[in-house]
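Participant: Fold the following.
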Amino acid sequence: MTGLASSRTRPLVGLLVAMAVAHTGTRVSAIAFPWFVLATTGSATATGLVAFFELAPYVAVKALAGPWVDRVGGRVVSWSTDLVSAAAAGAIPLLYVLDALPLGVFLALVAVVGAARGPGDLAKEVMVPEAAERGGVRLVRATGLSGTVERLASTLGPAVGAALIALSGPLTGVAVNAVCFVLGSLVVAFALPRGMGRAVRTDDAETEDEADAAPYLRRLAEGVAFLRRDRLLMSLVLMVAITNLLDIAFAAVLLPIWAHESGHGAPVMGLALTVMSAGAVVGSLLAAALAHRMKRRVVFFWGFLVAGAPRFLVLLLDVPVPAVVAVYAVAGLGSGFLNPIISAVFFERVPSRLYGRVGSLTDAAAWAGMPLGGVLAGLAVTAVGLGPVLLVCALVYASTTTLTGLRPEWREMDERPSVGAGQPTRSATA
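Facilitator: Predicted coordinates:
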């Protein structure tokens, strides 16, 4: 019996391990890449280009990769793109040792890493429902576990990256990033069953075969059309796009400026973010264990209520550091419930053969404003000061995540079909 249980859960465990390795490597590189440029060039402008060159290709390629993921299959796309990312990241220390790494080449390699990460991350995400079904795990529990993995990586990755840089320099962090991509590729290639992640067949298999054989642009348009028809998913995407922009503005500009101007410095900023990440891990674990028993809409909006505006407002108040840290702990706890619920709603409403093309569009739309978040926040603080910007951001965050909940389509969040819209039961055949 134990062997059977182990065999059934192997796809989910393998997928979670691959996600953990990939996310950790990505968080390490988020520290190592810019630090390497700063250490080698001393230019703040060049350092600022790193995030843009990685994030812009990530969003663009992910938006366009959906039909490819649906047709080829998540497993193949995941391990192959991870190898591309590994090769690009691994070339950086090699070229540096050979004294053949000008800034332009470095940024080009970073862009390749970002472009390959887009479909690689998407491929892993769309395999979660199949892995859950193969293992006999509730979908919301599986999405909770995947959210926990991402939160843990967000907590541990930066710490590992900072430690590696302090001990061995930024090149070591870049090399570790390449190793993580290789390990993730191997786990997906050998731990997941062959054919996993391919579009499944329903009773209308002939129609689906014709759809999957359609030209790329037609398949992409099908994803756009589906998303436009689903009012709840459209509302979710618009809400998350706004909150993501505000989150980036907060983390990249507003919180560091507050830490500097208040005299608390980087240690308090780091403590607040670490406590919030730890709270998010706990929230994700609770979501995995309990979310299937809760009213999703209530939990979702309460989670956003405590995770959003309070983070901005507490910085306006002259309160002791422990009070700030407590607010961030509660914010993290609330935020931990959000992604598992969003993922479960997505997978229940989208037909499995459209996971890739619809998922790529929703992710890209949700991330679209992120490259601008820091720029807009910096300009706003320069123009009117930190306090007014914090207040406006808090008001926008609160109104976005509460007033939108009054729209009728949000009631559909609590509808839990046993099988997603158009989603057939998957075969357990490897």
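Participant: Quick check, V275 in contact with V325.
Facilitator: Yes. At 5.3 Å, V275 and V325 qualify as touching, with contact defined as CB atoms under 8 Å. Placement of C-beta: from N, CA and C, glycine included.
Participant: between the two, which one's more packed in?
Facilitator: Neighbours were tallied for V275 and for V325 using other CB atoms under 10 Å; the higher tally belongs to V275 (20 against 16).
Participant: Look up phi and psi at that one.
Facilitator: Main-chain torsions, V275, degrees, to the nearest 10: phi -60, psi -40.
Participant: Buried ones in the strand or helix carrying V110, by neighbour count?
Facilitator: Assigned by DSSP states H and E, V110 belongs to helix 103-126. Neighbour counts over helix 103-126 (16 or more other CB atoms under 10 Å) mark 106-107, 109-126 as buried.
Participant: now that helix: mean pLDDT?
Facilitator: Across helix 103-126, pLDDT averages out at 90.
Participant: Which neighbouring elements make contact with it?
Facilitator: Judged by 3 or more CB pairs under 8 Å, 6 or more residues apart in numbering; DSSP states H and E, helix 103-126 is in contact with helix 2-41, helix 44-72, helix 74-97, helix 355-367.
Participant: Any chance you could give me it in CSV, C-alpha atoms only?
Facilitator: Extracted C-alpha coordinates of helix 103-126, given in CSV (Å, rounded to 0.1, in the frame of the first residue of the first chain):
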residue,chain,number,x,y,z
LEU,A,103,28.0,44.4,-20.4
GLY,A,104,26.0,43.9,-23.6
VAL,A,105,26.8,40.2,-23.7
PHE,A,106,25.9,39.9,-20.0
LEU,A,107,22.5,41.6,-20.5
ALA,A,108,21.8,39.4,-23.6
LEU,A,109,22.4,36.3,-21.5
VAL,A,110,20.2,37.6,-18.7
ALA,A,111,17.5,38.2,-21.4
VAL,A,112,17.8,34.6,-22.5
VAL,A,113,17.4,33.4,-19.0
GLY,A,114,14.3,35.5,-18.6
ALA,A,115,12.9,34.4,-21.9
ALA,A,116,13.3,30.7,-21.2
ARG,A,117,12.0,31.0,-17.6
GLY,A,118,8.7,32.3,-18.9
PRO,A,119,7.4,29.1,-20.6
GLY,A,120,9.3,27.0,-18.1
ASP,A,121,7.4,28.5,-15.2
LEU,A,122,4.1,28.3,-17.1
ALA,A,123,4.7,24.7,-18.0
LYS,A,124,5.2,23.7,-14.3
GLU,A,125,2.1,25.7,-13.2
VAL,A,126,-0.3,24.1,-15.7
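Participant: need the next SSE after it, C-terminal direction.
Facilitator: For helix 103-126, the following helix or strand on the C-terminal side (DSSP H and E) is helix 128-135.
Participant: What mean pLDDT does the next helix or strand after that following helix get?
Facilitator: Using DSSP H and E, the helix or strand that follows helix 128-135 towards the C-terminus is helix 139-168. Averaging pLDDT along helix 139-168 yields 76.
Participant: now stretch 327-340
Facilitator: Averaged over stretch 327-340, pLDDT sits at 88.
Participant: roughly how far out does that stretch sit from the chain middle?
Facilitator: Between the centre of stretch 327-340 and the centre of its chain there are 15 Å (CA atoms, centre = their mean, to the nearest Å).
Participant: what's that stretch in contact with?
Facilitator: 140, 143-144, 146-148, 150-151, 272-273, 275-288, 291, 299-300, 302-308, 310-311, 314 (CB atoms under 8 Å, 6 or more residues apart in numbering).
Participant: got it, and stretch 363-379?
Facilitator: The contact list for stretch 363-379 (CB under 8 Å, 6+ apart) reads 51-52, 55-56, 58-60, 62-63, 122, 125, 237-238, 240-242, 244-250, 252-254, 389, 393.
Participant: Restrict it to CA atoms and write it as PDB.
Facilitator: Only the C-alpha atoms of stretch 363-379 are listed here, as PDB (Å, rounded to 0.1, in the frame of the first residue of the first chain):
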ATOM      1  CA  ASP A 363       0.100  35.700 -16.100                       C
ATOM      2  CA  ALA A 364       1.400  38.200 -18.600                       C
ATOM      3  CA  ALA A 365      -1.500  40.600 -18.100                       C
ATOM      4  CA  ALA A 366      -1.000  40.400 -14.300                       C
ATOM      5  CA  TRP A 367       2.700  41.100 -14.600                       C
ATOM      6  CA  ALA A 368       2.400  43.800 -17.300                       C
ATOM      7  CA  GLY A 369       2.600  46.800 -15.000                       C
ATOM      8  CA  MET A 370       5.400  45.400 -12.800                       C
ATOM      9  CA  PRO A 371       8.300  46.900 -14.800                       C
ATOM     10  CA  LEU A 372       6.700  50.300 -14.400                       C
ATOM     11  CA  GLY A 373       6.000  50.100 -10.700                       C
ATOM     12  CA  GLY A 374       9.300  51.200  -9.400                       C
ATOM     13  CA  VAL A 375       9.700  53.900 -12.000                       C
ATOM     14  CA  LEU A 376       6.300  55.400 -11.300                       C
ATOM     15  CA  ALA A 377       6.900  55.300  -7.500                       C
ATOM     16  CA  GLY A 378      10.300  56.900  -7.800                       C
ATOM     17  CA  LEU A 379       8.900  59.800  -9.900                       C
END
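Participant: Begin at 394 from now on, thanks
Facilitator: All right, first residue 394 from here; so that's stretch 756-772.
Participant: gap between that stretch and the chain center?
Facilitator: In this view, stretch 756-772 has its centroid 14 Å away from the chain centroid, taken as CA atoms, centre = their mean.
Participant: what's the answer for stretch 765-774, then?
Facilitator: Distance, stretch centre to chain centre, for stretch 765-774: 22 Å (CA atoms, centre = their mean).
Participant: Equivalent analysis for stretch 426-443, please.
Facilitator: The chain centroid and the centroid of stretch 426-443 are separated by 24 Å under CA atoms, centre = their mean.
Participant: try stretch 667-678
Facilitator: The chain centre lies 15 Å from the centre of stretch 667-678; the measure is CA atoms, centre = their mean.
Participant: could you give me the average pLDDT of that stretch?
Facilitator: In this model, stretch 667-678 has an average pLDDT of 83.
Participant: Equivalent analysis for stretch 626-639, please.
Facilitator: Averaging pLDDT along stretch 626-639 gives 89.
Participant: What lies in contact with that stretch?
Facilitator: Contacts of stretch 626-639 (CB under 8 Å, 6+ apart): 620-621, 697, 701, 735, 738-739, 742-743, 751, 755, 758-763, 765-766, 769, 786, 789-790, 793-794, 797, 800, 802-803.
Participant: Looking at these, which are in helices?
Facilitator: Counting by DSSP state H, the part of the contacts of stretch 626-639 found in helices is 620-621, 697, 735, 738-739, 742, 751, 755, 758-760, 763, 765-766, 769, 786, 789-790, 793-794.
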